[in-house]
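Peer 1: Need a 3D model of the sequence below.
(chains A and B)
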Amino acid sequence: MNYSIALKTLVVKEVYRFVRIWPQTLLPPAITTALYFLIFGKLIGGRIGDIHGVTYIDYIVPGVILMSVISHSYSNVVSSFYSTKFQRNIEELLVAPIPNVVILLGYVSGGIIRGLLVGLVVALISLLFTPIVIHNLAITLSVALMTATLFSLAGFINAVLAESFDDISIIPNFVLTPLSYLGGVFYAVDMLPPLWQTISLGNPILYMINAFRFGLTGVTDVDIKLAYLMTGGFIATLTLFSLWLLYKGIGIKN
Amino acid sequence: MKALSIRNLRKTYHNGFEALKGIDLDVEEGDFFALLGPNGAGKSTAIGIISSLVTASSGKVSIFGHDIKADNAKAKSCLGLVPQEVNFNQFETVKGIVYNQAGYYGLPRKLALQRTELCLKQMDLWDKRDTVSRRLSGGMKRRVMIARAMVHAPKLLILDEPTAGVDIEIRRAMWEMMKTVNQQGTTIILTTHYLEEAESLCRNIAIIDQGHIVENTDMASLLARLHIDHFVLDLADPLDSLPVIDGYQLEWVSDKVLNVAVPKEIGLNRLFAQLSARNINVVSLKNKSNRLEQLFLDLIDTKAKGAHA
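Peer 2: Next up is the predicted model:
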């Protein structure tokens, strides 16, 4: 049995799905982030001044890019897999001789590709406002890839456990968005009062955004090694949990 | 070789409902097999377990000798499933649905395209290949599901009420298609509520009720057990009252139409002789209902009475 064909079929289907509806999937982040860069970066940022030696717009670009990667890798998998469940065409996969790991890899790959593609679009939009000089390409790419992987996995778990369309909007609206905004996209942690600095250190997104910022600008509020360790640990945990859900058939089998 | 072998299969759902109470079933390779039963009897649960959509509580299922747990991939490769309800992506094109399924079964691109074309042509859907599936009629959607199930050339095809809700013309065309597929060597298991369908297509039959197999035999033996045939008589002239004829049970439908129950040991000759003697002329005669339906109802009824005794 050639599982690579099944994987390729699944990934192509997933990519084709979000490319086909590009006005809903690729265009909105371009417009939203252009407004971020214009309003926060140029109009307000010009009055804020430098943070840790870089201009305000250069400081927020990595956070805005990674925030887009997070939300789009997550939403791609959660909406695609939940729709597959809802329309019952998950049965097409369950009756076929596809191992659970291939199903997971197929959906997560779709999320990663969309997340990174949106990240690239946002990065290109940022070039209209400020030049990007990459400090460390390997860190930049690896952090973006790991972040997209982590949130694709999270989206997958959300979709598996969801029982209604409401369930797939709760996490993005009430967890992901607040954590992203409080993850140091628009400010440095040391700008917060001491108590909030300590609380912020419990936010995993803070580590990812700062690691990505380090890759692009060389500036960070956290230890990069800790950021890699934390992200890698979450990826491993969520992968095992996803495979366990598929093995038990929770949310997808009777 | 056995296309399907089921041993002591049980399923109890989380709410405590026991859908299958230890069923045994064998389907031989090449067979056209009917799995019948009333709603809620356990048919869909059994099919769900065979096709890995439902997890069994206990028991063993093998498809062409491959255990569905121990040898899952090989067992699945032998199986094609046409489910009861439409379950494909309604925003996908007809060709995309079938082609993707070929990919899930590991068919290389060139072969997948060839098989997709072949199956869609067999189902008379090639002209609709680029149509988004939600725009298809109900009958076409069912044919898409059959094409999808056949794209990897399965050795065992399970059709779960494939003709439900389609018009007579399409149903007949689908019967011919199923016969052809079976003649080409594919074993078919059919569930249906149209017992005429099972009677005319299937060679062997199992009837499931309340989680038990209540009958498992060949169609000819089962039908031979029928002692009474039901006919509809069209009369040349209107009647004033229902005639009474010894040995036959007649029923009034209208002044020119009668239903009659004919015991096989008596036959029709005596009936016609008695009618002629009363100057009642019969213009035409036809079977009132298909024979299997009567047996099916008898079997289910007997079982139900047994359960309540």
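
Peer 1: which stretches of the stretch 151-254 of chain A form helices?
Peer 2: A:167-171, A:177-181, A:194-200, A:204-217, A:224-248 (DSSP state H, counting those that start in this stretch).

Peer 1: And for the longest one, what's in contact with it?
Peer 2: Just to be clear, that refers to helix A:224-248. Applying Cβ atoms under 8 Å, 6 or more residues apart in numbering or on different chains, the contact partners of helix A:224-248 are A:100-101, A:103-104, A:139, A:142-143, A:146-147, A:149-150, A:153-154, A:156-157, A:160-161, A:204, A:207-208, A:210-211, A:214, A:251-252. Just so you know, the C-beta spots here come from the backbone N, C-alpha and C atoms, and that holds for glycine as well.

Peer 1: How about residue A:85, nearest residue that isn't a chain neighbour?
Peer 2: Nearest residue to residue A:85, sequence neighbours excluded (Cβ to Cβ, 6 or more residues apart in numbering or on different chains): residue A:252, at 6.2 Å.

Peer 1: how far away is that neighbour from residue B:14?
Peer 2: 14 Å (Cβ to Cβ, to the nearest Å).

Peer 1: More neighbours: these two, which one.
Peer 2: Between residue A:252 and residue B:14, counting by other Cβ atoms under 10 Å in any protein chain shown, residue A:252 is the more crowded of the two (20 against 6).

Peer 1: Up against chain A, what does chain B have?
Peer 2: B:13, B:45, B:48, B:51-55, B:72-74, B:76-77, B:79, B:81, B:83, B:85, B:87-90, B:96, B:100-101, B:103-109, B:148 (Cβ under 8 Å from any Cβ of the partner chain).

Peer 1: Tell me if I am right that residue A:114 is in a strand.
Peer 2: No - applying DSSP: H, G, I helix; E, B strand; the rest coil, one finds residue A:114 to be helix, outside a strand.

Peer 1: on that earlier part again, Serialize the helices of the stretch 151-254 of chain A to a markdown table and add fields for mean neighbour count.
Peer 2: Putting these into a markdown table (neighbours: other Cβ atoms under 10 Å in any protein chain shown) gives the following:
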| stretch | mean neighbour count |
| --- | --- |
| helix A:167-171 | 16 |
| helix A:177-181 | 16 |
| helix A:194-200 | 12 |
| helix A:204-217 | 25 |
| helix A:224-248 | 16 |
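
Peer 1: What count of nearby residues applies to the residue in the stretch 151-300 of chain B that chain A sits nearest to?
Peer 2: For the stretch 151-300 of chain B and chain A, the shortest gap (Cβ to the nearest Cβ) falls at residue B:152, measuring 8.2 Å. Residue B:152 has 24 neighbours, counted by other Cβ under 10 Å.

Peer 1: excluding its backbone neighbours, what's nearest it?
Peer 2: Nearest residue to residue B:152 in three dimensions, chain neighbours excluded: residue B:105, at 3.8 Å (Cβ to Cβ, 6+ apart).

Peer 1: thought the one you found was touching residue A:97?
Peer 2: Yes - between residue B:105 and residue A:97 there is a contact under Cβ atoms under 8 Å: 6.7 Å.

Peer 1: Now list whatever residues contact both of these two.
Peer 2: Residues touching both residue B:105 and residue A:97 (Cβ under 8 Å, 6+ apart): residue B:77.

Peer 1: Between the two, tell me which one has more neighbours.
Peer 2: Higher neighbour count among residue B:105 and residue A:97: residue B:105, with 24 against 21, using other Cβ under 10 Å.

Peer 1: contacting residues for the more buried one?
Peer 2: So residue B:105 contacts A:6, A:96-97, B:77, B:151-152 (Cβ under 8 Å, 6+ apart).
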